[in-house]
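Participant: Model the following, please.
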Amino acid sequence: MSEVLTQDEISQLLEAIRLGETEPEDLKPAVPLRRCRIYDFKRPDKFTKEQIRTICMIFERFARFTSNNLSAQLRSKVHVHVASVDQLAYEEFIRCIPTPTLIAILDMNPLNGKALLEIDPAITISVLNHILGCPNGFKEPQHELTYIDEVIMSGVINTMLPNLQEAFVNIAGVKPSVLSVDTNPQFVQIVPFSEMVVLVTLETKIGNVEGMVNFCIPYNTIEPIMSKLTLQSFCSSGMEGQSTSGVSEDVLYPTSLELTIEVGKGEVSFGEALAMKAGDIFKLANKTEDHFTLKVGGVDKFKCKFTGGVYKTVRVIGESDLGWATLADLLEGRVKMDKTKMDVNSIEFPKLNLDSSSGNVSNLGILSDVSMEMSVELGRTRMLVKEILAIGEGTIIELDKLAGEPVDILVNQKMIARGEVVVIDENFGVRVTEILHQGIL
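Facilitator: Residues are numbered from 1 along each chain as shown. Predicted coordinates:
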């Protein structure tokens, strides 16, 4: 809003100009300064500051794991930490690394793209010297890498990649692998030179030798998970994905967990459960075209389909919408549950005398309409946590039952009968063939 001068103020200004005390140029309105910056179309910013910080935290976790991993493998003190995280053009990255140098081309499955891992020649030679039993200098720094050297370094890189997989566990189920190894960066072009990349530089020290390890991840590779690159996603498990019990993942991997294949669920009343007998048929909520649910440790995790065979087997076709946040959450039973649903297991029913001669039998009418969850299980098996983490689309899982054996019928998560799967209209159902317990109280 412009300011209106009074007549006295106008007269004072005119008098000041006449006497030469004020120049007319001084009366020009001031032009407000605008904060602006030049936009470089050759180097557009494709990563936000929060995404850069999240990537930095991911690789800080990778650096911690790698420090421990290489220290044990080389039997020497190794320290790795993140020096910088920048976004730049792929051409700039290629120009800033030495020639020759060790470059591993990584497949970032299931992401549709590749990444590069470049290791400084000084670090490469130091690793080779430690592995070959001469940490004080069997190979000189200017030594050209032989085919055997490249094979050895490929093995070292392969031992580092599980650390990268674990670092990304809260963001995406990345399973990197080495496609090839090269020494001339000019011959390595995984994206156009103008493509933007995120460059993570790790300062690495092995004994007295210092150098850099660079991770180059193109934008088109990481684009599918850009929306997940937030601090909230990374820290969703608490303590940056570490086991809240203080137990390392290496200790947890040999642990075995029970896997259950669930055909479907339904509801029965307390009275129907008590009166259940052979020949009864119950309709489930799952339709015949629906998938089965593979539960790990009692938690829905994968979708699967029945494949048949001598033993009951299923093929994993995808991941469930639900699941555990982290491995630690699963093992410690801290899984997010829908608090709006009533947990029938928490209801303590009175121990009633079911003898018809007793007067207490009439009290069953109070509970007869209580709704209870019924589930039908195809079978179960046990697998190591390390094997469970490797489950993906197409994985075949063999259960502990023969193809002709009946399915288990559970009410309120307690197995009370066995039966066979039937189809009712367009839904799955179950026909009771054997009662295991007369009543569930």
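Participant: give me the low-pLDDT residue ranges for the stretch 51-200 of the chain?
Facilitator: 135, 137-142 (pLDDT under 70).
Participant: redo that, cut-off 80
Facilitator: The model of the stretch 51-200 of the chain has pLDDT under 80 over residues 72, 133-143.
Participant: Could you do the stretch 301-441 of the chain as well?
Facilitator: Ranges of the stretch 301-441 of the chain meeting pLDDT under 80: 306-313, 318-371, 385-396, 400-404, 413, 437-441.
Participant: Tell me which stretches of it form helices.
Facilitator: 327-331, 385-389 (DSSP state H, counting those that start in this stretch).
Participant: what helices or strands is the last one leaning on?
Facilitator: Spelled out, that is helix 385-389. Contacts defined by 3 or more C-beta pairs under 8 Å, 6 or more residues apart in numbering; DSSP states H and E place helix 385-389 against strand 256-269, helix 327-331. For every residue, glycine as well, the C-beta is placed using N, CA and C.
Participant: Which elements pack onto the longest helix seen in the chain?
Facilitator: In the chain, assigned by DSSP state H, the helix with the most residues is helix 49-74. Counting contacts by 3+ C-beta pairs under 8 Å, 6+ apart, helix 49-74 packs against strand 78-89, helix 121-131, helix 147-167, strand 196-206, helix 231-234.
Participant: What residues sit buried inside that helix?
Facilitator: 51-55, 57-67, 69-70, 73-74 (16 or more other C-beta atoms under 10 Å).
Participant: And for stretch 104-121?
Facilitator: Neighbour counts over stretch 104-121 (16+ other C-beta under 10 Å) mark 104, 106, 108, 111, 113-121 as buried.
Participant: among these, which two are most distant?
Facilitator: Pairwise distances across those (C-beta to C-beta) peak at 28.8 Å, for the pair Leu111 and Pro121.
Participant: So this protein: which segments form each domain?
Facilitator: Following automatic domain parsing, one finds the domains of the chain at 49-241, 249-333+368-435.
Participant: now for the ones you listed, which one comes closest to Leu13?
Facilitator: domain 49-241 (48.5 Å).
Participant: distance between that closest one and the chain's centre?
Facilitator: 19 Å (C-alpha atoms, centre = their mean, to the nearest Å).
Participant: One more: stretch 376-393?
Facilitator: Its chain's C-alpha centre and that of stretch 376-393 lie 17 Å apart, by C-alpha atoms, centre = their mean.
Participant: Kindly export it (C-alpha atoms) in CSV.
Facilitator: These are the backbone C-alpha positions of stretch 376-393, laid out as CSV (Å, rounded to 0.1, in the frame of the first residue of the first chain):
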residue,chain,number,x,y,z
VAL,A,376,-8.1,-72.4,8.2
GLU,A,377,-4.4,-73.3,7.7
LEU,A,378,-3.0,-75.3,4.8
GLY,A,379,0.1,-76.2,6.7
ARG,A,380,3.2,-75.0,8.4
THR,A,381,7.0,-75.2,8.3
ARG,A,382,10.1,-73.6,9.9
MET,A,383,12.8,-71.6,8.2
LEU,A,384,15.9,-69.7,9.3
VAL,A,385,15.6,-65.9,9.5
LYS,A,386,18.4,-65.7,6.9
GLU,A,387,16.3,-67.9,4.5
ILE,A,388,13.1,-65.9,5.3
LEU,A,389,14.8,-62.6,4.3
ALA,A,390,15.7,-64.2,1.0
ILE,A,391,12.1,-65.0,0.1
GLY,A,392,10.9,-63.1,-2.9
GLU,A,393,8.4,-63.4,-5.8
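Participant: Just the buried residues of that stretch, please?
Facilitator: Across stretch 376-393, burial judged by 16+ other C-beta under 10 Å covers Val376, Glu377, Leu378, Gly379, Thr381, Met383, Val385, Ile388, Leu389, Ile391.
Participant: mind giving me CSV with the buried residues of stretch 104-121 and columns for secondary structure?
Facilitator: CSV is the format used below for the buried residues of stretch 104-121 (DSSP: H, G, I helix; E, B strand; the rest coil):
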residue, secondary structure
Ala104, strand
Leu106, strand
Met108, coil
Leu111, coil
Gly113, coil
Lys114, strand
Ala115, strand
Leu116, strand
Leu117, strand
Glu118, strand
Ile119, strand
Asp120, coil
Pro121, helix
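Participant: In contact with Phe65, which residues are there?
Facilitator: Going by C-beta atoms under 8 Å, 6 or more residues apart in numbering, Phe65 touches Asn163, Glu166, Ala167.
Participant: which among those gets closest to Gly266?
Facilitator: The closest of the contacts of Phe65 to Gly266 turns out to be Glu166 (C-beta to C-beta; 39.0 Å).
Participant: mind checking how far that closest one is from Gly279?
Facilitator: Separation of Glu166 from Gly279 (C-beta to C-beta, to the nearest Å): 52 Å.
Participant: Could you list everything Asn427 pairs with in the sheet?
Facilitator: Beta-bridge partners of Asn427, counted by DSSP bridges, are Lys287, Ile424.
Participant: Is it correct that it is in contact with Lys287?
Facilitator: Yes: between Asn427 and Lys287 there is a contact at 5.4 Å, judged by C-beta atoms under 8 Å.
Participant: and those two? which has more neighbours close in?
Facilitator: Higher neighbour count among Asn427 and Lys287: Asn427, with 16 against 12, using other C-beta atoms under 10 Å.
Participant: if we can go back for a sec, and the helices and strands packed on helix 385-389: which comes nearest Asn214?
Facilitator: If you check each of these against Asn214 by C-beta to C-beta, helix 327-331 wins as the nearest, at 29.1 Å.
Participant: does Val191 count as helix, strand or coil?
Facilitator: coil.
Participant: returning to that earlier point: which among the buried residues of stretch 104-121 gets closest to Pro98?
Facilitator: Nearest member of the buried residues of stretch 104-121 to Pro98, counting by C-beta to C-beta, is Pro121, at 6.5 Å.
Participant: How many neighbouring residues does the closest residue in space to the closest one that isn't next to it in sequence have?
Facilitator: Distances taken as C-beta to C-beta, 6 or more residues apart in numbering place Thr101 nearest to Pro121, at 5.7 Å, with adjacent residues excluded. Look at Thr101: counted by other C-beta under 10 Å, it has 19 neighbours.
Participant: distance of Thr101 from Gln73?
Facilitator: Applying C-beta to C-beta, the value for Thr101 to Gln73 is 21 Å.
Participant: Next, the distance between the ends of stretch 302-315.
Facilitator: Counting by C-alpha to C-alpha, to the nearest Å, you get 10 Å between the two ends of stretch 302-315.
Participant: Show me which residues of stretch 182-196 are buried.
Facilitator: By neighbour count on 16+ other C-beta under 10 Å, the buried set for stretch 182-196 is Asp182, Thr183, Pro185, Val188, Ile190, Val191, Glu195, Met196.
Participant: mind saving the C-alpha coords of stretch 182-201 as CSV?
Facilitator: In CSV, the C-alpha atoms belonging to stretch 182-201 read as follows (Å, rounded to 0.1, in the frame of the first residue of the first chain):
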residue,chain,number,x,y,z
ASP,A,182,36.5,-52.5,-14.8
THR,A,183,39.5,-50.3,-14.3
ASN,A,184,38.9,-47.6,-16.9
PRO,A,185,36.1,-45.2,-16.0
GLN,A,186,35.9,-44.0,-19.6
PHE,A,187,34.6,-47.4,-20.7
VAL,A,188,31.9,-47.4,-18.0
GLN,A,189,28.7,-45.6,-19.0
ILE,A,190,25.6,-46.8,-17.3
VAL,A,191,23.6,-43.6,-18.0
PRO,A,192,23.9,-40.6,-20.3
PHE,A,193,26.6,-38.2,-19.3
SER,A,194,24.0,-35.5,-18.6
GLU,A,195,22.1,-37.7,-16.2
MET,A,196,22.1,-36.5,-12.6
VAL,A,197,23.5,-38.9,-9.9
VAL,A,198,23.9,-38.8,-6.2
LEU,A,199,27.5,-39.3,-5.2
VAL,A,200,28.3,-40.7,-1.7
THR,A,201,31.9,-40.4,-0.8
